[in-house]
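In: A predicted structure for the sequence below; I have some questions about it.
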Amino acid sequence: MAAPPVVIWEDEVAELLLYRELIPRLEEALGKFSRRDSAEVIQPVRTIIPLQKHNGFLGLMPTYMENDGVLSTKFVCFYKRGDDSNLPSTQATVVLLDPEYGNVKAVMNGEVITRMRTAAASAISAKLLMRPEAEVLAILGTGNQALSHYSVFTEIFSFKEVRVWSHTREGTERFCKCVSGPVRACVSVEEAVRGADAIVTVTRCTEPVLFGQWVKPGAHVAAVGACRPDWRELDDVLMKEAVVYVDSREGAMAESGDIILSGAEVLAEIGEVINGTKPAYREKTTVFKSLGMGVEDAVSAKLVFDQWNAKASKR
């Protein structure tokens, strides 16, 4: 008889999940995902159910990693919130199952996992595509994803300046109080991104907020928001002038308004760059369009579960 499932709450996930352990596992998983000659990763495009009454969506993200023995799914609700809303823009739960018996092994908070694996994927893209001499980081947005991106980008890179912009002054002030390092608050997107070597877009915008005419040639953009086919953060000029990379081609062509509406050509999945089958154009302006994938959640959940078991065995 299977043991009852473990429940791992938000604080415990935050304690157990560390970037230094997560990033190499994510790199390996992204490479496996982009190798289409094996059944190492089985992951359909996210299934979306509209929540029209609440201006949101429910996403279902199952993944099976056969060789690793990992079976999981994430349930994520995400919403188009107004600037004056106090409600969360996302809520997520990850379920880890035994692939042989089908029973649930663990149910864990998915918010920390979503924030950290998304930021880690952006950091991996920067490691591969950003110029090594990069000195200035700009972050557009001041929510939880902005904070997680600030944490990992400042942990693994050495920026001399970090700039941040928000739709509201309150958002910028709150962000600056939450981070430990110096941050320059900017009153406009243009001020934040002019001359920046790396730009992270983690906004709730549904229309372009970052324009190509402001972006420094050779800059790297990690675009995280706008996860619906009719939502955008980046304008046509940037999308068509930059070399575009994605986490999943299939996912991007189904879900990314930045790619679909601009008609931009996708050069490669980031996993193909990891595998060495597609080039990394560091000297050019690059965009990594991140939509998030179930395999990222699966790897993260497996790491959390293994760490939880290791900690439990010492009690």
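Out: All right, it came through fine. Residues are numbered from 1 along each chain as shown.
In: hey, let's count contacts and neighbours off CA atoms from now on
Out: Will do.
In: Check the residue nearest the centre of the chain and give its pLDDT.
Out: Nearest to the mean C-alpha position of the chain, by C-alpha atoms, centre = their mean, lies Thr118 at 2.3 Å. As predicted, Thr118 sits at a pLDDT of 97.
In: same check, this time on Asp37
Out: Reported pLDDT at Asp37 in the predicted model: 63.
In: circling back: go ahead and confirm the residue nearest to the centre of the chain touches Gly292.
Out: Yes. With contacts counted by C-alpha atoms under 8 Å, Thr118 reaches Gly292, the gap being 6.4 Å.
In: how about the helix or strand where Ala298 lies: buried residues?
Out: Counting by DSSP states H and E, the element that carries Ala298 is helix 294-313. By 16 or more other C-alpha atoms under 10 Å, the buried positions in helix 294-313 come out as 294-305, 307-308.
In: can you put these in a markdown table and add pLDDT and distance to Ile139?
Out: Listed next are the buried residues of helix 294-313 as a markdown table, based on pLDDT from 0 to 100; distance: C-alpha to C-alpha, whole Å:
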| residue | pLDDT | distance to Ile139 |
| --- | --- | --- |
| Gly294 | 96 | 25 |
| Val295 | 97 | 26 |
| Glu296 | 97 | 22 |
| Asp297 | 97 | 23 |
| Ala298 | 97 | 27 |
| Val299 | 97 | 26 |
| Ser300 | 98 | 24 |
| Ala301 | 97 | 27 |
| Lys302 | 97 | 30 |
| Leu303 | 97 | 28 |
| Val304 | 98 | 28 |
| Phe305 | 97 | 31 |
| Gln307 | 96 | 31 |
| Trp308 | 95 | 33 |
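In: and which of those residues is nearest to Ala222?
Out: Glu296 (16.4 Å; C-alpha to C-alpha).
In: Would you quantify the distance from the closest one to Gly271?
Out: According to C-alpha to C-alpha, to the nearest Å, Glu296 and Gly271 sit 12 Å apart.
In: Could you tell me which residues touch both of the two?
Out: Leu30 (C-alpha atoms under 8 Å, 6 or more residues apart in numbering).
In: Would you mind writing the CA trace of the helix holding Ala298 as CSV?
Out: Only the C-alpha atoms of helix 294-313 are listed here, as CSV (Å, rounded to 0.1, in the frame of the first residue of the first chain):
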residue,chain,number,x,y,z
GLY,A,294,6.4,21.4,-17.4
VAL,A,295,9.8,19.8,-17.5
GLU,A,296,11.2,22.8,-15.5
ASP,A,297,8.5,22.2,-12.9
ALA,A,298,9.2,18.5,-12.9
VAL,A,299,12.9,18.9,-12.3
SER,A,300,12.3,21.5,-9.6
ALA,A,301,9.7,19.3,-7.8
LYS,A,302,12.0,16.3,-7.9
LEU,A,303,14.8,18.3,-6.4
VAL,A,304,12.5,19.6,-3.6
PHE,A,305,11.2,16.1,-2.9
ASP,A,306,14.6,14.6,-2.7
GLN,A,307,15.8,17.3,-0.4
TRP,A,308,12.7,16.9,1.8
ASN,A,309,13.4,13.2,2.1
ALA,A,310,17.1,13.8,2.9
LYS,A,311,16.1,16.3,5.6
ALA,A,312,13.4,13.9,7.0
SER,A,313,15.8,11.0,7.3
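In: Name the residues that touch it?
Out: Identification of contacts with helix 294-313 by C-alpha under 8 Å, 6+ apart yields 13, 16-17, 22, 25-26, 29-30, 33, 41, 43, 46, 61-65, 70-74, 94, 96, 106, 108, 113-114, 117.
In: To what extent is Ala126 buried, counted in neighbours?
Out: Look at Ala126: counted by other C-alpha atoms under 10 Å, it has 24 neighbours.
In: Measure how far the helix or strand where it lies is from the centre of its chain, please.
Out: Taking DSSP H and E as the criterion, Ala126 maps to helix 111-129. Centre-to-centre, helix 111-129 and its host chain are 5 Å apart (C-alpha atoms, centre = their mean, to the nearest Å).
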